[in-house]
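Enquirer: Next one to model:
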Amino acid sequence: MTYCVGMVLDKGLVLMSDTRTNSGVDNISVFRKMFQWQVPGERMIAVMTAGNLATTQAVVSQLEERTKAPDERDNTLIKGKTMFNVATQIGRLLRNTIEERQDANGDRGKGRFTASIILAGQIAGMEPRLFMIYPEGNFIEASLDTPFFQIGETKYGRPIIIRGYDRDMSFEEAVKLLMVSFDSTLKANLSVGLPLDLLVIGKDDFAPTHEHRVMHDDPYFAEISANWGDALRAAFHSLPGYTFESK
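Expert: Predicted coordinates:
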């Protein structure tokens, strides 16, 4: 399975994804789910993928090929005038890729090859933007009311983000919040796993402000995991006790 989160802050964008894919408990592999493209000083664009691996790899490969194509009309990532245009083209590509695979395998309407994408980035002269792109090719954009998107195994880490998120928090605080969210998800679901990919895109940087791969022996993630568990137990024991005595 998958867990990916994209978050909008006043200072920019923060993205994190896991790398585990599995076809049963005895067939687990590591595949990158976060990809990025940039034109220094002009644009920085990243996507995170969830769903059928063959579908997502086909979409990403086609996007990568388009950045190298001589025909500028196909250079969606490099030549799109707005992030909305980029989201529209990626949505169309995702929908067509899913339909092609379903038609080829006679699975139209069964959802076997479904996938979804989080798109994040900024083009010079515009604000950083974040989109959730659905298998049908349509999409929604993050807003003040919905400042982050999740795909994959979202339910375990969502309550933590909802309680801890603040739009004006620092990048460092946002990364810590995502670390806790991912730790809780990893503890609850074996289909999400390390390594984790982290990308911070500062407003008007048009290049990664910070990127890091969290490995199994990452000391900070280990400390977050241990301390979060201790903090939860301490908070639980500090709550008022329940009694069977009648009131």
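
Enquirer: Can you show me the helices along this protein?
Expert: All helices of the chain, identified by DSSP state H, fall at 53-67, 76-79, 83-105, 158-164, 171-188, 219-238.

Enquirer: Quick one: list the elements packing against the fourth one.
Expert: It stands for helix 158-164. Here helix 158-164 touches strand 148-152, helix 171-188, going by 3 or more CB pairs under 8 Å, 6 or more residues apart in numbering; DSSP states H and E. The way it works is simple: take the backbone N, C-alpha and C, and place the C-beta from them, glycine included.

Enquirer: ok, 6 Å please
Expert: Helix 158-164 sits against helix 171-188, with contacts defined as 3 or more CB pairs under 6 Å, 6 or more residues apart in numbering; DSSP states H and E.

Enquirer: and the helix it packs on, average pLDDT?
Expert: For helix 171-188, mean pLDDT is 97.

Enquirer: repeat for stretch 236-247
Expert: Stretch 236-247 shows a mean pLDDT of 89 in the predicted model.

Enquirer: how much space between Arg66 and Gln89?
Expert: Here Arg66 is placed at a distance of 9 Å from Gln89 (CB to CB, to the nearest Å).

Enquirer: which residues are common contacts for those two?
Expert: Thr76 (CB atoms under 6 Å, 6 or more residues apart in numbering).

Enquirer: hmm, back to that, rank the helices of the chain by pLDDT, which is bottom?
Expert: Lowest mean pLDDT within the helices of the chain: helix 76-79, a mean of 87.

Enquirer: who are the neighbours of that helix, in terms of helices and strands?
Expert: Counting contacts by 3+ CB pairs under 6 Å, 6+ apart, helix 76-79 packs against helix 53-67.

Enquirer: Out of the helices of the chain, flag the one nearest Met34.
Expert: Nearest of the helices of the chain to Met34, taken as CB to CB: helix 53-67 at 10.0 Å.

Enquirer: helices or strands up against that closest one?
Expert: helix 76-79, helix 83-105.

Enquirer: Go through the ones you listed and pick out the most buried.
Expert: Among the helices and strands packed on helix 53-67, helix 76-79 has the highest mean neighbour count (mean count of other CB atoms under 10 Å), at a mean of 20.

Enquirer: residues near the residue lying closest to Val214 once chain neighbours are set aside, how many?
Expert: The shortest distance from Val214 to any residue other than its chain neighbours is 4.0 Å, reached at Leu196 (CB to CB, 6 or more residues apart in numbering). The local packing of Leu196 (other CB atoms under 10 Å) involves 25 other residues.

Enquirer: mind checking how far Leu196 is from Ala234?
Expert: Look at Leu196 and Ala234: by CB to CB, they are 26 Å apart.

Enquirer: repeat for His212
Expert: 29 Å.

Enquirer: What about Asn75, how many residues nearby?
Expert: Close neighbours of Asn75, defined as other CB under 10 Å, add up to 16.

Enquirer: Contact partners for it?
Expert: Residues in contact with Asn75, defined by CB under 6 Å, 6+ apart, are Arg66.

Enquirer: The residue nearest to Ala142 when sequence neighbours are not counted: what's it in contact with?
Expert: Among residues not flanking Ala142 along the chain, Leu130 sits closest, at 3.9 Å (CB to CB, 6+ apart). Leu130 sits next to Gly6, Val8, Ala120, Ala142 when contact means CB under 6 Å, 6+ apart.
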